[in-house]
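> show me the folded form of this:
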Amino acid sequence: MLRFELDDLARSEIHRLLEEHLADMHATSPPESIHALDLRELRDPAVEFWSAWEGPELRGCGALKDLGGGDVELKSMRTAQAARGKGVGTFVLRHLLTLAAERGHRRVLLETGSQDFFAPARRLYARHGFTFREPFGDYVQDPNSVFMELCLDGAADPKVKPCPL
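Sure, this is the predicted structure:
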């Protein structure tokens with residue numbers, strides 16, 4: 001059973017997981033295509049960072065960045081190496097989607113990589129109703145990036161519905 005904590009990013013376990021996340025981004029994408037947030041950026045007041053624990057063990061993390069206008073961006077989704085293949089990513093994503101819906105957000109947006117390394121993430125998002133879209137916010141077309149969105153009905157149990165044009 002996973003326990004979710006709104007995290008202050010102070011623990012060394014979190015630092016290690018985020019360092020691993022950034023290292024993978026640098027190993028798989030050119031520098032101009034890396035949009036992962038570092039610790040300083042994750043401490044922005046617009047970002048809520050959540051960690052997932054099983055007992056004393058960190059199993060994963062994810063964040064929501066408030067973009068305003070009812071939109072939030074999914075950031076820093078990561079499963080610890082020892083927990084891969086056990087559904088942690090699904091639980092973290094569901095937790096974040098439920099939070100976004102409970103808070104009345106209308107849309108969850110994300111950017112992920114287009115390379116094979118990111119295929120499991122794209123499949124996870126697609127299974128949960130995310131659809132492909134054009135770049136949003138400050139993002140631009142990039143062959144190394146894929147953009148996705150999920151529209152929420154604002155209820156505690158996220159449901160897909162058409163996004164307003």
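
> where does this protein have its least confident helix or strand?
helix 12-28 (a mean of 91; mean pLDDT, DSSP states H and E).

> against which helices or strands is it packed?
Judged by 3 or more Cβ pairs under 8 Å, 6 or more residues apart in numbering; DSSP states H and E, the packing partners of helix 12-28 are helix 39-42, strand 57-68, strand 71-79. C-beta here means a position set from N, CA and C on the backbone, and glycine is covered the same way.

> show me the contacts for Glu20.
Glu20 sits next to Arg78, Gln81 when contact means Cβ atoms under 8 Å, 6 or more residues apart in numbering.

> for the least confident helix or strand of the chain, buried residues please.
For helix 12-28, the neighbour count (16 or more other Cβ atoms under 10 Å) marks Ile14, Leu17, Leu18, His21, Leu22, Met25 as buried.

> tell me the one of those residues nearest Ala63?
Leu18 (10.2 Å; Cβ to Cβ).

> surely the closest one and Asp38 touch.
Yes - if you go by Cβ atoms under 8 Å, Leu18 and Asp38 touch, sitting 7.5 Å apart.

> okay, and the common contacts of those two?
Contacts common to Leu18 and Asp38, judged by Cβ under 8 Å, 6+ apart, are absent.

> returning to what we had before: winner for burial among the helices and strands packed on helix 12-28?
strand 71-79 (a mean of 22; mean count of other Cβ atoms under 10 Å).

> just checking, what packs against it?
So strand 71-79, by 3+ Cβ pairs under 8 Å, 6+ apart, packs with helix 12-28, strand 57-68, helix 88-102, strand 107-113.

> what's the angle from the first one to strand 107-113?
The reference is to helix 12-28. Put simply, helix 12-28 runs at 60 degrees to strand 107-113, going by axes from the mean of the first three to the mean of the last three Cα atoms, to 10 degrees.

> tilt between helix 12-28 and strand 71-79?
Note on geometry: by the same axes, to 10 degrees, helix 12-28 and strand 71-79 are set 100 degrees apart in direction.
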